[in-house]
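**Q** How does the following fold in three dimensions:
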Amino acid sequence: MPVAFFAVFFAYPVAAILRRGLEADGAWHLGPLTDVLAEPGIRHVLWFTTWQALASTALTLLVALPAAYVFARLDFPGRHVLRAVVTVPFVLPTVVVGTAFLALVGRGGLLDELWGVRLDTTVWAILLAHVFFNYAVVVRTVGGLWAQLDPRQEEAARMLGASPLAAWRKVTLPALGPAVAAAALMVFLFTFTSFGIVQILGGPTFSTLEVEIYRQTSDLFDLSTAAVLTIVQFLAVGAILVVHAWTVRRRESALRLVDASRTARRPRGAGQWALLAGVLGTVAVLLVLPLAVLVQRSLTAPGFGYYRALTRADGGTFLVAPVDAIGTSLSYAAAATAIAVVIGALAAAALARRDAGRLVRAFDALLMLPLGVSAVTVGFGFLIALDKPPLDLRQSWILVPLAQALVGVPFVVRTMLPVLRAVDARLREAAAVLGASPWRVWREVDLPIVRRALLIAAGFAFAVSLGEFGATVFIARPGNPTLPVAVARLLSRPGDLNYGQAMALSTILMLVCAAALLLLERLRTDRSGEF
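**A** Numbering: from 1, shown residues only. Take a look at the predicted model:
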């Protein structure tokens, strides 16, 4: 079933994009590819996409690496709660992130009111929003490994006469290298395929490949150019994922790790206390302040006016009341979660088998592609591929949950696979010897062990599906917008009422996603690794 699901709803739409971009007069050739890439405007988009991804990655590493050390090595009150707070931005929809920074640095935002400073017309707003969104990637990926490194190795170097800086540079940094590289590649991947943040904060001045694909499709109706750009992005993402897989293998095989719960200590000395204070200040200003301003802006109308306005349909921006998007998003996310859990659990069960062959292990890499391939690519592929019988799903409500489930499946697989691999095969064999059917073995042996992981996987899939924007904006029907699509529509319309309603809807979406994440943190038992 997982193979069929990915063949129909991922491989087939991607093949349709390839055909649309490279086929002309019944034959495949590279002419359209070279023609599109020769256009100065497209080359500028490619340059800006790469440049802003590199700048965002460097800035994120610079800001987040000190926090990775603090969460890995320092033990202080509220550490686990703060770690959950730091992770909240990563699960927020990009539309919410863009809206929050618009309220902070945009026209009429907090900085504009206090000092007359606006950043929404500059690249700095995009870079800061990317740091906000990816801060937790570095903290979790690098900090998770840092917490498991044996501190006695660095202490031994100190005893042999090395300075603190030299001991860190020669002992700790080489061990952290693969994790830093993996985090950098993940941040680069997420910023290279950035859509919602650039769409909201970039305006007409800045455009990434994702935004240009959307513009070519929805505004200019040039599907051939959009398909060529999608191919370029697909190749770039594939190369990034290959390098990322190599860095992950190095990280997993090259180190001897210890229990992370025994490596953190109370801060000692003025330097560590100053570092802790600096990280707490960064979290407050960079992560908490934009969200606080978002909530404050949604409450500026007297008597919760913007929230009450969500219950009325204006007949222009929406065919229904904006508040209806909440029920639509929840129902779509529930359906997508059910699909992702079924497909992901079956795939994880197959991958966990000790006798799995090379084809099954190769499928493991394929499962990760929807997480790295742009959501705009998925939505565009659905648009041009699933439009003919027997797969004409353009008018079916299930189309949106299917696109959302594609992004949720990797989270389900990555959450359940380590737990399933840890189940002792002898337990299953003993149950089978005693006459239990395969279904009963799964129900009474595997399920009690993986129940918690299954709940966490479902929670991640629900949060990701709820905030999915890049694919949904292509295929959501006008009468049934999801919350992210509704926010984007409101922001695209002039007027204080539309702006305030966008803030109110974004606040609702933020609170739902944050609540889901905090619940997941309570269910987690292993807090040392990444997501």
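**Q** what ranges do the helices span in the stretch 1-150 of the chain?
**A** Residue ranges of the helices in the stretch 1-150 of the chain, as given by DSSP state H, counting those that start in this stretch, are 2-6, 12-22, 31-37, 40-73, 79-91, 94-105, 110-115, 123-146.
**Q** Need the winner for burial among these.
**A** Of all these, helix 94-105 has the most neighbours on average by mean count of other C-beta atoms under 10 Å, namely a mean of 28. Any C-beta I mention is one placed from the backbone N, CA and C, and that applies to glycine too.
**Q** residues contacting Leu417?
**A** By C-beta atoms under 8 Å, 6 or more residues apart in numbering, the contact set of Leu417 is Ala348, Leu351, Ala352.
**Q** helix or strand for it, which one?
**A** Per DSSP states H and E: Leu417 is located in helix 399-422.
**Q** same check, this time on Leu447
**A** helix 447-467.
**Q** Please name every helix or strand in contact with the helix or strand just after that helix.
**A** Downstream of helix 447-467, the first helix or strand assigned by DSSP H and E is helix 472-475. Packed against helix 472-475 by the contact rule (3 or more C-beta pairs under 8 Å, 6 or more residues apart in numbering; DSSP states H and E) you find helix 375-385, helix 399-422, helix 483-491.
**Q** coming back round to it: so can I have CSV of the contacts of Leu417 showing neighbour count, pLDDT and distance to Val63?
**A** As requested, the contacts of Leu417 are exported to CSV (neighbours: other C-beta atoms under 10 Å; pLDDT from 0 to 100; distance: C-beta to C-beta, whole Å):
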residue, neighbour count, pLDDT, distance to Val63
Ala348, 27, 82, 34
Leu351, 19, 78, 35
Ala352, 20, 74, 37
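**Q** I'd like those residues laid out as CSV, including distance to Val342 and secondary structure.
**A** Formatted as CSV, the contacts of Leu417 follow (distance: C-beta to C-beta, whole Å; DSSP: H, G, I helix; E, B strand; the rest coil):
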residue, distance to Val342, secondary structure
Ala348, 11, helix
Leu351, 15, helix
Ala352, 16, helix
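**Q** for those residues, which one is nearest Gln395?
**A** Distance to Gln395 across the contacts of Leu417 (C-beta to C-beta) is lowest for Ala348, with 33.0 Å.
**Q** For the closest one, which non-adjacent residue is spatially closest?
**A** Excluding its sequence neighbours, the residue lying closest to Ala348 (C-beta to C-beta, 6 or more residues apart in numbering) is Met416, at 4.1 Å.
**Q** quick one: Arg83 and Ala72 touch, right?
**A** No - using C-beta atoms under 8 Å, Arg83 makes no contact with Ala72, being 10.4 Å away.
**Q** what sits in contact with each of those two?
**A** In contact with both Arg83 and Ala72: no residue, using C-beta under 8 Å, 6+ apart.
**Q** The helices and strands packed on helix 472-475: which one's closest to Phe304?
**A** Phe304 sits nearest to helix 483-491 of all the helices and strands packed on helix 472-475, at 16.6 Å, using C-beta to C-beta.
**Q** which residues sit against that closest one?
**A** Outside helix 483-491, the residues within contact range by C-beta under 8 Å, 6+ apart are 93-96, 99, 102, 196, 199-200, 317-318, 322, 325-326, 328-329, 466-469, 472-473, 476, 481, 498-499, 501-502, 505-506, 508-509.
**Q** Show the average pLDDT along that helix.
**A** Averaging pLDDT along helix 483-491 gives 86.
**Q** Tabulate the contacts of Leu417 (a markdown table), appending distance to Leu291.
**A** Listed next are these as a markdown table, based on distance: C-beta to C-beta, whole Å:
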| residue | distance to Leu291 |
| --- | --- |
| Ala348 | 33 |
| Leu351 | 37 |
| Ala352 | 38 |
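**Q** and of these, the nearest to Val376?
**A** Closest to Val376, out of all of these and judged by C-beta to C-beta, is Ala348, at 27.4 Å.
**Q** Quick check: the closest one touching Pro418?
**A** No - using C-beta under 8 Å, Ala348 is not in contact with Pro418, being 9.2 Å away.
**Q** Indicate which one of the helices of the stretch 1-150 of the chain is closest to Gly177.
**A** helix 123-146 (10.1 Å).
**Q** contact partners of the helix or strand following the closest one?
**A** The helix or strand immediately downstream of helix 123-146 is helix 151-159, counting by DSSP H and E. Here helix 151-159 makes contact (C-beta under 8 Å, 6+ apart) with Arg73, Pro164, Ala166, Ala167, Trp168, Lys170, Val171, Thr172, Thr263.
**Q** Tell me the secondary structure at the third one.
**A** So the one you mean is Ala166. helix (DSSP: H, G, I helix; E, B strand; the rest coil).
**Q** Which residue is the nearest non-sequential neighbour of it?
**A** Distances taken as C-beta to C-beta, 6+ apart place Ala157 nearest to Ala166, at 7.5 Å, with adjacent residues excluded.
**Q** circling back to that earlier point, let me see the contact set for the residue nearest to Ala348.
**A** Met416 neighbours (C-beta under 8 Å, 6+ apart): Gly344, Ala345, Ala348, Val450, Ala453, Leu454, Ala457.
**Q** hmm, try it at 6 Å
**A** Ala348, Ala453, Ala457 (C-beta atoms under 6 Å, 6 or more residues apart in numbering).
**Q** any idea how far it lies from Phe462?
**A** Applying C-beta to C-beta, to the nearest Å, the value for Met416 to Phe462 is 15 Å.
**Q** One more: Thr225?
**A** 35 Å.
**Q** Settle it for me: which of those two has more neighbours?
**A** The neighbour comparison of Thr225 against Phe462 (other C-beta atoms under 10 Å) goes to Phe462, with 25 against 20.
**Q** measure the residue nearest to that one when sequence neighbours are not counted to Arg477 for me?
**A** With C-beta to C-beta, 6+ apart as the criterion, Phe462 has its nearest non-adjacent residue at 4.5 Å, and that residue is Thr337. Separation of Thr337 from Arg477 (C-beta to C-beta) stands at 20 Å.
**Q** got the angle between the helix holding Leu417 and helix 447-467?
**A** Direction vectors for helix 399-422 and helix 447-467, defined by axes from the mean of the first three to the mean of the last three C-alpha atoms, to 10 degrees, enclose an angle of 150 degrees.
**Q** Go through helix 399-422 and flag the buried ones.
**A** 399-417, 419-420 (16 or more other C-beta atoms under 10 Å).
**Q** now swap in stretch 512-523 and tell me
**A** Quick answer for stretch 512-523 (16+ other C-beta under 10 Å): Val512, Cys513, Ala514, Ala516, Leu517, Leu520, Glu521.
**Q** cool, stretch 195-212 as well?
**A** By neighbour count with 16+ other C-beta under 10 Å, stretch 195-212 contains the buried residues 195-202, 206-212.
**Q** quick one: which of these sit in strands?
**A** Among these, no member is found in strands (DSSP state E).
**Q** For Thr311, the count of nearby residues, please.
**A** Here the count is done by other C-beta under 10 Å, and Thr311 has 10 residues near it.
**Q** re earlier: if we take the contacts of Met416, which one ends up nearest to Ser218?
**A** Ser218 has its nearest neighbour among these in Ala457, at 33.0 Å by C-beta to C-beta.
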